[in-house]
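*Asks:* 3D, please:
(chains A, B, C and D)
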There are 4 protein chains.
Amino acid sequence: MNHSKERIGVLTSGGDAPGMNAAIRAVVRSCVYYGITPFGIAQGYEGLINNDIFQMDAGSVKHIIHQGGTILKSARSLEFKTEEGMQKAWKNVQEHGLDGLVVIGGDGTFKGAMEFGEKFSFPIIGIPGTIDNDIYGTDFTVGFDTAVNTVVEAVDKIRDTATSHNRLFFIEVMGRDAGFIAMYSGIGAGAEEVLIPEKDRDVERLYESLEQTSQRKKSSRLVIVAEGDKNGSVYDLEREVKQRFGDRYETKVTILGHVQRGGRPSCTDRVLASRLGVTSVEALRDGKGGFMVGVRNRKIRFTDFDNATKRNPEMDQELMRVADIISI
Amino acid sequence: MNHSKERIGVLTSGGDAPGMNAAIRAVVRSCVYYGITPFGIAQGYEGLINNDIFQMDAGSVKHIIHQGGTILKSARSLEFKTEEGMQKAWKNVQEHGLDGLVVIGGDGTFKGAMEFGEKFSFPIIGIPGTIDNDIYGTDFTVGFDTAVNTVVEAVDKIRDTATSHNRLFFIEVMGRDAGFIAMYSGIGAGAEEVLIPEKDRDVERLYESLEQTSQRKKSSRLVIVAEGDKNGSVYDLEREVKQRFGDRYETKVTILGHVQRGGRPSCTDRVLASRLGVTSVEALRDGKGGFMVGVRNRKIRFTDFDNATKRNPEMDQELMRVADIISI
Amino acid sequence: MNHSKERIGVLTSGGDAPGMNAAIRAVVRSCVYYGITPFGIAQGYEGLINNDIFQMDAGSVKHIIHQGGTILKSARSLEFKTEEGMQKAWKNVQEHGLDGLVVIGGDGTFKGAMEFGEKFSFPIIGIPGTIDNDIYGTDFTVGFDTAVNTVVEAVDKIRDTATSHNRLFFIEVMGRDAGFIAMYSGIGAGAEEVLIPEKDRDVERLYESLEQTSQRKKSSRLVIVAEGDKNGSVYDLEREVKQRFGDRYETKVTILGHVQRGGRPSCTDRVLASRLGVTSVEALRDGKGGFMVGVRNRKIRFTDFDNATKRNPEMDQELMRVADIISI
Amino acid sequence: MNHSKERIGVLTSGGDAPGMNAAIRAVVRSCVYYGITPFGIAQGYEGLINNDIFQMDAGSVKHIIHQGGTILKSARSLEFKTEEGMQKAWKNVQEHGLDGLVVIGGDGTFKGAMEFGEKFSFPIIGIPGTIDNDIYGTDFTVGFDTAVNTVVEAVDKIRDTATSHNRLFFIEVMGRDAGFIAMYSGIGAGAEEVLIPEKDRDVERLYESLEQTSQRKKSSRLVIVAEGDKNGSVYDLEREVKQRFGDRYETKVTILGHVQRGGRPSCTDRVLASRLGVTSVEALRDGKGGFMVGVRNRKIRFTDFDNATKRNPEMDQELMRVADIISI
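*Replies:* Numbering: from 1, shown residues only, chains lettered A, B, ... in the order given. Here you go, the predicted structure:
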């Protein structure tokens, strides 16, 4: 069932994530494969409003699969949330004769897509692209795997350093509302403690264990803290530890910050992005719209924007249990 | 249901894979967590036969989660296939009072485990550790993710080099019977062609496409070849291309070889290994044996050794389609 | 001229640095090569005091050349600065019959070596091992090259992220008294500004340039700040920028911290460490002592401890000029 | 002494090398800094002949410092060696009003530059850009440091794999006439043997040592072979070893090939490229030409093309001695 789409646009929006370029590449190449003309839109919804829309071809996405960031740039658009912004965007969509749109981003991106798509009965497919992995409807988001590898590599380096006694390394990682990066990288890096927004007694447990081990000879320990942890920033935590334990522990802080957003995407992120890119174009051809595409249990799966944005993926209980057992 | 295991052994066997150390670490730490004494066995089944068995504790697996290879060493054992070898191994198992065993490896490892376990009614749990991903009963094997990232990183570097016209890079990757490494890394690296044992017309397709493009101005192209491809080694292929196309193509060969087996394991491999390590100890505690543990659709799953060794995982058709579409 | 050394000790002291293991390996292997028995001393001068001294052989340094950190551990010793500590250490040196000592570390390490060596007329050779590159008498210290590569890799990732306008990334790097890490990594990473202790007008220049560019459309800019910069911590700087420029700039902070001390050493650091390790053993054999070995202008060079600790290497003026020209 | 250059061209020629982009960036930015208009020339001398010449500005070299390869592409040009080719190139140089040229490449590049420069009295400055480090007049060439790090990283991975007895890994690295890559990476990777074109008895020494060790229990050994070694290709060597030692050794081959040419340049290569890029523009401004710029003993140094192309840098004897001592 080919609904003869002839022109499809693609944009990246919100915080960027490694693998977005692989997704763009797959969207553009799938269009070419199916005889559709692909259009790039710069700076997310901003480009839709400002008419920063341009034709692409297979050559436009050459040698980008391995690059971090997004060649289409990404931005957050306040104007797109206004009636006026939406109207401007719609005018430009019509002017370029776009039949459909692929948006790559997170929650906010999909909310915008849902509203815009419903308002103008315009078919939009979403690809989950964010390092936070906080999107319902897909096992993993594009960018998450690369981000946790980046964190793990950094923590590996910290672990290398001379292990003097009772040294406490705090490493703050991204994840304002979701502790997925902290949990996965914490297990992967072999951290002694992982503090995440989803868990309650974390910090108490940390203090208890610090109380116990400060009495025995013990080497360095690594504590990974999600930036959204309810116990405040890593510096608040450091202050509290200093207050409670004085100089029984020497503390060191690392803030990885935007290092986590960049870097060459991992193979997993590239393959996931390629699959979702192809699927999104095929979905538009099939007349679909208003959905996010994801991969669950290794199969392609569609989730309507309403569910994708309202529901939250849950932290796997088994993982939290594994983390507890192997951090003894 | 705790069958009061008191002593559990762990070994790595067959070709080694990144993440094996993370699995060993999880097995040992889970034992400590559950009050079981863990024993390491060196050089796979060889160590069982030669009584190279030693007690471990949490300290034995410190700072190994990020190391490639296996601290227990790995080997292939011919003697373990003999009645005499099995008897020697059984004597040593009894001598050390082992109540159960965790074996980390591939097909051959599980066959040995099945025979030994059945012969002496001895509970053994297997963890799939091989870069080839060719084990039935798990979505991914420990080591696969790291291996494809290693390949992709190498191919990224090749792509960097000056793109003169009609240059043909052949990159041989591991996978004697299974094209998973080639297929995933081929998609991830954006290779123009992927030649795998599972597909028939591959090489014809390659020649056709070379025929067409040699007439147009075209930049370099990358061809990933699984070492088990039926068209022979990458050098056979190069010879054939030279014969058919003369100097219309300049060919370059890379043989990654054992580079693919090493390296720091990826976060994904470490998390998978940790989950399976914990599970295998818990399975032995629950009185289970004769099974391989894997993860399918994000959930832990048990597969009896018979199925794990006789059946083969199938290459995902959707992936092969994606590869075709985006390599245009 | 062989002074028939029979037993040589080696230790690492102070902040650890990548490549220390390669130096230890070269010392131990050179000893074996020359028929000398090598002894390892754990935890720097602490091990000398606590008699944590043990015989090594070629096997002790197998598979360590590529590992960050130091297998001998490192520590700072207050006790070694006391008469009592020195006497204890000397007793242990005599007890093990050591004829000479190689110490790997920085300024503080060499000061201790000088005092100890002069007090007991004991030959000691120093190898400069510190990421800061702040040692007079060698072009580069062991660990510096790896550290700047680590910083550059992190900054490359930050550069990948979506370039929204007027975003200001502050990256704090190590170097309390010396701006070498900041200067080299700043040039290597293509940073727009580098703030180092050695320069005076840096921060004014930054404010001026921020004043100018906030008026034009401009993409992100990266500012590398040495932790010892006189303008205070990177957070002080961020506060000051916020005060001066309000929301004309969005600021983001990365604190790399101890990530810079770890990681696989670069080839350059391994080769340098190997050369210095061999040389230090040969120097002791030749009856030398009281010197640091370094490489200047590609040639081995000896600097007495007094000069090595009192003088400071100067930042190359040409480099600072290059940084200014290419950061336009 | 400003000779009021107004237009300077830059090209990359010959085999590409990591860091070429950093050099291009420095040339372009230095031009902008000095009020000169920079021109890029595509595909080396081919672009000069085919008039593939275009104006550049600071924006043209944005975000390229960390990319492998060369944005100007590189090629070998046969036509440039002919009178006709030279005339065409000269016509295009005049047409664009170029006052000077910076060429980045190796031996062949400089020979072409010398001939062209002398024929038309046209000032050309050369920057040594090649992974082989085989250029007289500079301590290191742009790209060498990255290439040896790439090799070392690959060998580190091979070392990770299970150490069964008497396994022999042959790793072929680039360096047709010069063994610098093999020697440096051999020391850095801790290889047991390094076979280079500069040494004579290498292979005999290898056989002797294989003869001795096949009798004792011994783990894997790594042999690095420069592709230009007089004993033939790594496969010839493997065949010879099989013939001499039968199955006493299990051999494994890795051919890194063009993997060595790519990848993110190291900090050292970027800093070197930046220094030479700035210097080359300043040299043209000063009225210089017919020289290669290099860094010797940390200082900028000029070498006329005649010397740069006719003389060969010598392998450091001390390095070869270090390699022998620590590979015991």
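*Asks:* how much distance is there from the worst-scoring helix or strand of chain A on mean pLDDT to the middle of the chain?
*Replies:* Between all helices and strands in chain A, the lowest mean by mean pLDDT, DSSP states H and E belongs to helix A:202-213, at a mean of 83. Going by C-alpha atoms, centre = their mean, to the nearest Å, the spacing between the C-alpha centre of helix A:202-213 and its chain's C-alpha centre is 31 Å.
*Asks:* With stretch A:291-307 instead?
*Replies:* Mean C-alpha position of stretch A:291-307 versus that of the full chain (C-alpha atoms, centre = their mean) differs by 16 Å.
*Asks:* Which residue is the nearest non-sequential neighbour of the residue of the stretch 151-300 of chain A at minimum distance from chain D?
*Replies:* Distances between the stretch 151-300 of chain A and chain D by C-beta to the nearest C-beta are smallest at A:R264, namely 8.6 Å. All C-beta atoms are positioned from the backbone trio N, CA, C, and that covers glycine. Leaving out its chain neighbours, the residue that sits closest to A:R264 by C-beta to C-beta, 6 or more residues apart in numbering or on different chains is A:H66, at 5.3 Å.
*Asks:* Where does the one you found sit: helix, strand or coil?
*Replies:* Taken by DSSP: H, G, I helix; E, B strand; the rest coil, the conformation at A:H66 corresponds to coil.
*Asks:* Contact residues of the stretch 101-250 of chain A facing chain C?
*Replies:* Contact residues of the stretch 101-250 of chain A with respect to chain C, defined by C-beta under 8 Å from any C-beta of the partner chain, are listed as A:T150, A:A154, A:D156, A:K157, A:I158, A:R159, A:D160, A:T161, A:A162, A:T163, A:S164, A:F169.
*Asks:* quick one, phi/psi of the closest residue in space to the second one that isn't next to it in sequence?
*Replies:* Just to be clear, that refers to A:A154. Counting by C-beta to C-beta, 6+ apart, C:V259 is the residue found nearest to A:A154 once chain neighbours are left out, at 4.9 Å. Torsion angles at C:V259 (phi, psi; degrees, to the nearest 10) stand at phi -50, psi -30.
*Asks:* could you pull out the strands for the stretch 1-150 of chain A?
*Replies:* A:7-12, A:37-41, A:53-55, A:100-105, A:124-128 (DSSP state E, counting those that start in this stretch).
*Asks:* now those as CSV including mean neighbour count and mean pLDDT?
*Replies:* Formatted as CSV, those follow (neighbours: other C-beta atoms under 10 Å in any protein chain shown; pLDDT from 0 to 100):
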stretch, mean neighbour count, mean pLDDT
strand A:7-12, 26, 98
strand A:37-41, 23, 98
strand A:53-55, 15, 98
strand A:100-105, 29, 98
strand A:124-128, 30, 98
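*Asks:* Distance to chain D added to these, as JSON lines?
*Replies:* Putting these into JSON lines (distance: least, C-beta to the nearest C-beta, whole Å) gives the following:
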{"stretch": "strand A:7-12", "distance to chain D": "17"}
{"stretch": "strand A:37-41", "distance to chain D": "18"}
{"stretch": "strand A:53-55", "distance to chain D": "18"}
{"stretch": "strand A:100-105", "distance to chain D": "20"}
{"stretch": "strand A:124-128", "distance to chain D": "24"}
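*Asks:* Tabulate those strands (TSV), appending distance to B:I187.
*Replies:* Putting the strands of the stretch 1-150 of chain A into TSV (distance: least, C-beta to C-beta, whole Å) gives the following:
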stretch	distance to B:I187
strand A:7-12	19
strand A:37-41	19
strand A:53-55	26
strand A:100-105	18
strand A:124-128	16
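*Asks:* pLDDT below threshold where in the stretch 101-250 of chain A?
*Replies:* Per-residue confidence of the stretch 101-250 of chain A (counting by pLDDT under 70) places the weak regions at A:164, A:200-201, A:214-218, A:229-231.
*Asks:* picking up where we left off before, give me the distance between the residue nearest to A:R264 and chain D.
*Replies:* Applying C-beta to the nearest C-beta, to the nearest Å, the value for A:H66 to chain D is 10 Å.
*Asks:* about what we covered before: just among the residues of the stretch 101-250 of chain A next to chain C, which is most surrounded?
*Replies:* Top of these by neighbour number is A:T150, holding 28 neighbours under the definition other C-beta atoms under 10 Å in any protein chain shown.
*Asks:* burial of the residue lying closest to A:M114 once chain neighbours are set aside, as a residue count?
*Replies:* With C-beta to C-beta, 6+ apart as the measure, A:F305 is the residue that lies nearest to A:M114, at 3.8 Å, once sequence neighbours are left out. By other C-beta under 10 Å, the residues close to A:F305 number 26.
*Asks:* Was I right to think A:F305 contacts A:G108?
*Replies:* No. At 11.6 Å, A:F305 does not count as touching A:G108 under the criterion of C-beta atoms under 8 Å.
*Asks:* need the helices for the stretch 201-328 of chain A, in chain order.
*Replies:* A:202-213, A:234-245, A:267-285, A:305-310, A:317-326 (DSSP state H, counting those that start in this stretch).
*Asks:* Out of those helices, which is the most enclosed?
*Replies:* helix A:267-285 (a mean of 27; mean count of other C-beta atoms under 10 Å in any protein chain shown).
*Asks:* quick one on the thing from earlier: name the helices or strands packed onto the least confident helix or strand of chain A?
*Replies:* Of the remaining helices and strands, those touching helix A:202-213 by 3 or more C-beta pairs under 8 Å, 6 or more residues apart in numbering or on different chains; DSSP states H and E are strand A:193-195, helix A:234-245.
*Asks:* 6 Å - rerun?
*Replies:* Applying 3 or more C-beta pairs under 6 Å, 6 or more residues apart in numbering or on different chains; DSSP states H and E, one finds that helix A:202-213 contacts no other helix or strand.
*Asks:* C-alpha coordinates for that helix, CSV please?
*Replies:* Output of helix A:202-213 as CSV, limited to C-alpha atoms (Å, rounded to 0.1, in the frame of the first residue of the first chain):
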residue,chain,number,x,y,z
ASP,A,202,20.5,5.1,48.1
VAL,A,203,22.3,7.8,49.9
GLU,A,204,21.6,6.3,53.3
ARG,A,205,23.1,3.1,52.1
LEU,A,206,26.1,4.9,50.9
TYR,A,207,26.6,6.6,54.3
GLU,A,208,26.2,3.3,56.1
SER,A,209,28.7,1.6,53.9
LEU,A,210,31.2,4.5,54.3
GLU,A,211,30.8,4.2,58.1
GLN,A,212,31.7,0.6,58.0
THR,A,213,34.6,0.7,55.6
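*Asks:* Phi and psi next, for A:S13.
*Replies:* Dihedral angles phi and psi of A:S13 (degrees, to the nearest 10) take the values phi -140, psi 160.
*Asks:* Near it, how many other residues are there?
*Replies:* Applying the criterion other C-beta under 10 Å, we find 33 residues in the vicinity of A:S13.
*Asks:* My guess is it contacts A:T109. True?
*Replies:* Yes. The criterion here is C-beta atoms under 6 Å, and A:S13 meets it with A:T109 at 4.2 Å.
*Asks:* A:R275 contacts B:M320, doesn't it?
*Replies:* No. The pair A:R275 and B:M320 does not pass the contact test of C-beta under 6 Å, sitting 11.5 Å apart.
*Asks:* could the helices of the stretch 201-328 of chain A be laid out in CSV, adding distance to A:C31?
*Replies:* Formatted as CSV, the helices of the stretch 201-328 of chain A follow (distance: least, C-beta to C-beta, whole Å):
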stretch, distance to A:C31
helix A:202-213, 47
helix A:234-245, 44
helix A:267-285, 6
helix A:305-310, 22
helix A:317-326, 38
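*Asks:* among the ones you listed, which is nearest A:M174?
*Replies:* Taking C-beta to C-beta as the measure, the helices of the stretch 201-328 of chain A were each checked against A:M174, and helix A:234-245 came out nearest at 12.1 Å.
*Asks:* so how far is that closest one from its chain's centroid?
*Replies:* Distance, centroid of helix A:234-245 to centroid of chain: 29 Å (C-alpha atoms, centre = their mean).
*Asks:* which residues touch that helix?
*Replies:* Contact with helix A:234-245 is made by A:F170, A:E172, A:V225, A:N231, A:T251, A:V253, as judged by C-beta atoms under 6 Å, 6 or more residues apart in numbering or on different chains.
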